[in-house]
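# The sequence and its predicted three-dimensional model are supplied below.
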Amino acid sequence: MGSSNPPPTPKAIIHKKYAQQAVYRTEEVTDAGENPCPGLVVQRQTRIQYRCVLELPDLTVSSGRFSKKKDAEQAAAQIAVEKLGLQENEKNLTPEEAFDELIKRLNILFTDEFLTSLHPFVGHLKSSLKRNSTAHFSPVPISSIPTCDTKINNLCKTLNPNCETDLLSTLSLVSKAVRASDSLSSSDTGFQVWNVNPFRNETVEPLLSCQADASESVRVLEIPAELEERVKDLRVDLRNDVYYLDEIAKVLGVDDPSHILISRNIGKASSEMRFHFAAPQFLLSSSLDEYECGTDSDVVVNKRASYLSGQTIYGNAILANVGYTWRAGGLFCEDVTTCTYYRMLLSKLPDGPHKLALSSPLLSSLPSSYSRATWRGPPPRDLLSGFCRIHRLPEPTFSLQKKEEGDLQCEVRVLGRKEGESLVVGGFGEVFRRESEAVQGTALRVLNWFRGFWGEMDETVGNSSEIGIESVENLRICPRTVLEEFSTWKSLYSKVFFDVGTEKGDEITRNGIGGFGVEGNDSGVFPSVGSLVGVNYEIYLVKEGDSNLRCLVERNEEFEFEIGTGSVIPQVESCITQISVDQSAKFTSKLPSRDLVLAACDVSHLSLDGCILEYNVKLIRVTEPMEERMEKAFFTPPLSKQRVLFAVEQINQSNAFSLVDFGCGSGSLLDSLLDHNTCLKQIVGVDISVRALTRAAKVLHQKLSKNCAMQACLKSAVLYDGSITDFDARLYKFDIATCIEVIEHMEEDQAHLFGDMVLSLFSPKILIVSTPNYEYNPILQRSNKDEESEEKEKENENKPCKFRNFDHKFEWTRAQFEIWANNLASKHNYSVEFSGVGGSGEIEPGFASQIAVFRRNLNELRELQGNELRGLESGKKYEVVWEWEGNDKKCD
């Protein structure tokens with residue numbers, strides 16, 4: 001027979017409510033103790049003890065002295081638990097015992113001793129006493145009691161689980177307990193509660209003599225019950241001589257402020273942001289203690305407010321951040337704007353908390369891959385856990401499986417609210433070396449899957465195919481359960497944040513983006529895939545043709561992200577990859593969804609019709625990709641330069657006049673070749689990325705406009721947009737072709753196709769292919785031996801290494817590379833030699849970058865036939881992006 005679970009520790013109770021907001025600060029306290037021998041020359045050994053200060057959003061407490069840190073922390077947590085009334089032992093009470101405890105707790109709230117405490121409910125009592133100063137009775141709205149006291153709430157949920165979502169069930173239980181108490185009384189309907197015995201004069205008089213709070217005007221939001229109506233921005237004047245619920249009652253058109261009901265807090269545990277609404281009419285005609293869960297058919301439920309609060313809200317509601325707290329001596333109040341409301345909605349999305357944590361709703365995006373070194377904001381596991389909590393789902397669970405090779409796979413399980421129901425179970429088939437990478441990487445994949453699902457939701461509830469839920473290998477998805485769990489969001493907000501004006505993948509010159517311009521001198525330092533960049537930016541809301549409207553909606557003095565991971569919207573990454581450090585770029589883009597703009601800035605007073613966004617972005621820093629940083633740290637000169645020198649040597653030895661660089665990227669090899677004396681007369685670059693080619697064109701043109709080493713003999717330079725697995729007859733029979741550190745970015749079958757395509761159709765005299773040597777990775781990734789124990793080092797020796805770049809689809813050992821190259825050479829009548837750069841081929845594990853040099857056998861050049869020959873005129877697969885001839889430059 002299984003044993004019952006032990007009760008939660010005080011720290012566990014605090015963590016459940018406050019999570020990372022609970023800060024424990026432990027300090028050493030020296031205690032010399034008593035000296036039994038005064039005048040002793042030898043100093044007595046001191047005893048080290050610990051005292052803990054626990055800081056919570058609403059409270060700070062300090063423990064006594066303890067010999068162990070953990071005991072001091074638990075003691076501080078216990079003090080906080082008692083002060084906040086967070087004890088969880090109510091769950092073990094019988095219904096009779098729980099009801100008796102509820103009566104006792106209510107009686108305590110109206111005692112003289114309690115009135116001198118710092119409990120938030122005391123604020124309501126004080127306000128009532130100021131209105132009834134002569135009687136020393138304190139009638140308060142019944143809704144203020146569970147609003148302020150956690151223990152009352154817990155006892156009510158023990159008695160009736162419906163109290164979790166039904167505020168009226170909670171108030172009904174409180175009303176019954178009040179009527180059962182000899183110390184308390186209530187109005188006929190039960191909406192107002194007061195103490196039977198008046199407070200003592202010596203308790204009340206100091207409270208009444210305290211200086212009143214100053215008057216303040218605070219912004220609140222009205223959330224209409226009708227879905228077609230938009231939220232309204234209002235102001236409430238909180239005067240020092242008026243109870244704040246009186247003012248909210250006026251806004252709602254309610255005569256008796258005790259009929260104002262208050263929801264649980266929204267958002268942070270320390271927040272006083274709550275919905276305030278009028279008690280439904282059917283309750284006012286009876287008594288609260290007669291209420292049973294369920295609503296009258298004529299009562300309008302406020303679906304938007306109910307969804308955000310997790311409780312049933314009736315009629316129009318006021319969202320206000322007003323109330324009494326543990327720390328505030330008086331009434332706490334803070335503005336609630338339209339921006340606040342839309343940020344609350346954004347926080348419900350899988351990627352919303354990430355955007356909000358970075359203070360960048362408009363510019364940032366949830367990355368596609370996780371790297372501890374470059375990740376910014378809360379880690380993916382915390383984001384996924386928060387996503388589940390905010391939708392009242394159980395915490396996701398992760399399980400790790402160790403493979404024979406020593407790597408790890410992670411399986412995640414996201415459960416529904418109903419016992420035994422799962423939303424998502426499984427993994428993505430990825431392998432990891434470290435536990436943290438496995439968990440964080442898998443959590444990120446799940447978040448991105450949910451993000452895709454969120455964007456696919458429409459108005460029709462159906463099966464997975466109707467909403468675009470795609471099956472993922474090794475991941476089991478339960479579409480019906482997913483739809484049921486998020487049905488409320490689907491019915492209320494399915495189109496919120498997703499009506500984006502520019503599709504993902506748009507280039508800077510394509511539809512929806514315009515006015516692109518660059519300012520500043522070209523420093524020559526450009527980012528590339530894998531670079532960690534720092535930018536500062538401003539985003540303005542502007543209206544075409546109206547110079548008077550230019551409103552700043554988002555700004556960031558320093559925003560850091562990794563190129564190529566999807567960390568920012570495509571338009572911004574496209575912009576950044578076309579400018580150098582210290583340059584600024586400005587462009588305009590179609591307006592994204594109205595809701596996203598309102599989450600970034602409170603512009604609800606403006607009409608957004610005809611508006612666009614203007615981006616001003618400055619590149620302030622570029623840190624090279626991890627692969628390049630590792631190579632530079634280990635090799636002098638860096639591997640990239642060594643590969644260029646290798647290519648130059650092959651060019652000069654072969655007296656090559658023409659060269660094509662397959663997968664030229666941003667032109668690093670072609671750019672470097674211009675610094676060397678060669679006999680090349682024609683250079684060509686081919687790549688599938690227009691952004692990279694645009695950057696290459698800029699660099700090459702700048703260098704060719706000066707007196708570079710090759711300018712005298714070079715006749716033409718061309719950059720083509722196209723796939724290197726497609727044939728274009730214009731590149732047939734070049735003297736030399738290069739493919740430097742490219743094939744590892746392709747799938748392996750595409751690498752085989754590329755080899756066949758180049759040697760069989762393009763038919764260069766020489767083909768140089770370089771790719772990372774996987775066997776060299778342990779050296780590049782080795783930890784600092786001074787900080788790593790010998791045992792840990794031996795343990796890591798047998799573990800598989802990570803690829804050098806997250807974008808690599810594979811990395812081959814020397815044997816794998818040689819098999820690939822030898823098969824191609826044999827098949828297409830080429831010879832092949834193997835070499836490399838970085839390290840030595842004579843010492844294990846060989847070169848860091850392995851190179852194969854293919855040479856076409858004499859008299860084996862196959863002439864183009866039929867369609868291939870006609871392709872010289874009409875079968876051109878590539879598009880010219882940039883062309884240079886002599887001193888002329890042509891752009892297409």
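That came through, no problem.

# For residue 233, which residues are in contact?
The contact partners of residue 233, by CB atoms under 8 Å, 6 or more residues apart in numbering, come to 219, 221, 337-338, 604-605. Glycine gets a C-beta too; all of them are placed from N, C-alpha and C.

# same thing but 10 Å
Residue 233 is in contact with 219-222, 335-339, 341, 602, 604-605, counting by CB atoms under 10 Å, 6 or more residues apart in numbering.

# With residue 275 instead?
167, 221, 223, 261-266, 302, 304-306, 308-309, 311, 313, 317-320.

# Next: residue 535.
Listed by CB under 10 Å, 6+ apart, the contact set of residue 535 reads 363, 527, 556-561, 568, 572, 575-576, 579, 584-585, 617-622.

# coming back round to it: so which of the contacts of residue 233 belong to helices?
338-339, 341 (DSSP state H).

# With neighbour count and pLDDT as extra columns, can I get the residues you listed in CSV?
Output for these, formatted as CSV (neighbours: other CB atoms under 10 Å; pLDDT from 0 to 100):
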residue, neighbour count, pLDDT
338, 20, 92
339, 20, 92
341, 22, 92
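
# and which of those is nearest residue 82?
residue 341 (35.7 Å; CB to CB).

# quick one: low-confidence ranges for the stretch 601-750 of the chain?
Confidence mapping of the stretch 601-750 of the chain against pLDDT under 70 gives the ranges 626-630, 632-633, 707-712.

# if you skip the residues just before and after it, what's nearest to residue 125?
Excluding the flanking residues, the one nearest residue 125 by CB to CB, 6 or more residues apart in numbering is residue 138, at 4.7 Å.

# Assign a three-state SS to the one you found, would you?
coil (DSSP: H, G, I helix; E, B strand; the rest coil).

# Show the end-to-end separation of stretch 580-600, please.
28 Å (CA to CA, to the nearest Å).

# Can you report the mean pLDDT over the residues of that stretch?
For stretch 580-600, mean pLDDT rounds to 91.

# thinking again about what came up before, next step: the contacts of residue 535 restricted to helices.
Secondary structure from DSSP H places 572, 575-576 of these in helices.

# re the thing from before, can you lay out the contacts of residue 233 as TSV showing distance to residue 298?
Shown next, in TSV, are these (distance: CB to CB, whole Å):
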residue	distance to residue 298
219	32
220	27
221	26
222	22
335	35
336	30
337	33
338	30
339	35
341	28
602	36
604	32
605	35
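
# Mind giving me the PyMOL select for those, buried ones only?
Only the buried entries of these go into this PyMOL selection, using 16 or more other CB atoms under 10 Å:
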select buried, resi 219+220+221+222+335+336+337+338+339+341+602+604
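
# Strands of the stretch 151-300 of the chain, start to end?
In the stretch 151-300 of the chain, strands defined by DSSP state E, counting those that start in this stretch lie at 184-186, 192-195, 216-223, 232-238, 260-262, 273-278, listed in chain order.

# Just send the ones you listed back as CSV, with mean pLDDT and distance to residue 161 too.
Shown next, in CSV, are the strands of the stretch 151-300 of the chain (pLDDT from 0 to 100; distance: least, CB to CB, whole Å):
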stretch, mean pLDDT, distance to residue 161
strand 184-186, 92, 25
strand 192-195, 92, 24
strand 216-223, 92, 27
strand 232-238, 92, 35
strand 260-262, 95, 20
strand 273-278, 95, 21
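
# What ranges in the stretch 301-450 of the chain fall below the confidence cut-off?
327-329, 404-406.

# let's go with 90 and repeat that
Across the stretch 301-450 of the chain, residues meeting the criterion (pLDDT under 90) sit at 310, 324-333, 348, 368-374, 386, 388-395, 400-411, 415-438, 448-450.

# how close does the residue nearest to residue 125 sit to residue 448?
Applying CB to CB, to the nearest Å, the value for residue 138 to residue 448 is 53 Å.

# cool, residue 207 as well?
In terms of CB to CB, residue 207 sits 55 Å off from residue 448.

# likewise residue 391?
Distance from residue 391 to residue 448, counting by CB to CB: 17 Å.

# what helix or strand is the spatially most central residue of the chain on?
Nearest to the geometric centre of the chain sits residue 354, at 2.5 Å (CA atoms, centre = their mean). In the assignment (DSSP states H and E), residue 354 maps to helix 352-357.

# which residues touch residue 445?
368-370, 380, 384, 410, 412, 427-428, 430, 472, 475.

# With just CA atoms, put whichever strand or helix holds it into CSV.
Using DSSP H and E, residue 445 maps to helix 435-456. What follows is helix 435-456, C-alpha atoms only, in CSV (Å, rounded to 0.1, in the frame of the first residue of the first chain):
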residue,chain,number,x,y,z
GLU,A,435,20.9,17.3,-20.1
SER,A,436,20.3,21.0,-20.1
GLU,A,437,20.6,21.3,-23.9
ALA,A,438,18.2,18.3,-24.3
VAL,A,439,15.5,19.8,-22.0
GLN,A,440,15.8,23.4,-23.2
GLY,A,441,16.0,22.4,-26.9
THR,A,442,12.9,20.1,-26.6
ALA,A,443,11.0,22.7,-24.7
LEU,A,444,11.7,25.2,-27.4
ARG,A,445,10.5,22.8,-30.1
VAL,A,446,7.2,22.3,-28.2
LEU,A,447,6.8,26.1,-27.8
ASN,A,448,7.3,26.6,-31.5
TRP,A,449,4.9,23.8,-32.3
PHE,A,450,2.2,25.5,-30.1
ARG,A,451,3.1,28.8,-31.8
GLY,A,452,2.4,27.3,-35.2
PHE,A,453,-0.9,25.8,-33.9
TRP,A,454,-1.9,29.2,-32.4
GLY,A,455,-1.5,30.9,-35.8
GLU,A,456,-3.5,28.2,-37.6
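
# For the chain, give the strand that spans the most residues.
If you go by DSSP state E, the chain has its longest strand at strand 546-562.

# for it, packing partners?
strand 532-543, helix 570-576, helix 594-600, strand 611-623 (3 or more CB pairs under 10 Å, 6 or more residues apart in numbering; DSSP states H and E).

# buried sites along it?
For strand 546-562, by 16+ other CB under 10 Å, it's 553-556, 559-562.

# Do I have it right that residue 452 meets residue 477?
No. In this structure residue 452 lies outside contact range of residue 477 using CB atoms under 10 Å: 11.4 Å.

# Which one of those two is surrounded by more residues?
The neighbour count for residue 452 versus residue 477, taken as other CB atoms under 10 Å, is higher for residue 477 (19 against 13).

# So for that one, what's the pLDDT?
Confidence at residue 477, expressed as pLDDT, is 74.

# Quick one: the strands in the stretch 751-892 of the chain, in order.
For the stretch 751-892 of the chain, applying DSSP E, counting those that start in this stretch gives strands covering 766-772, 830-839, 847-856, 879-885, 888-891.

# partners of the first one, with directions?
This means strand 766-772. Here strand 766-772 is paired, per DSSP bridges, with strand 736-740 (parallel), strand 847-856 (antiparallel).

# before we move on, back to that, what about the residue nearest to residue 125, how many neighbours?
24.

# Let me know whether it touches residue 127 as I believe.
Yes. Using CB under 10 Å, residue 138 is in contact with residue 127, at 8.8 Å.
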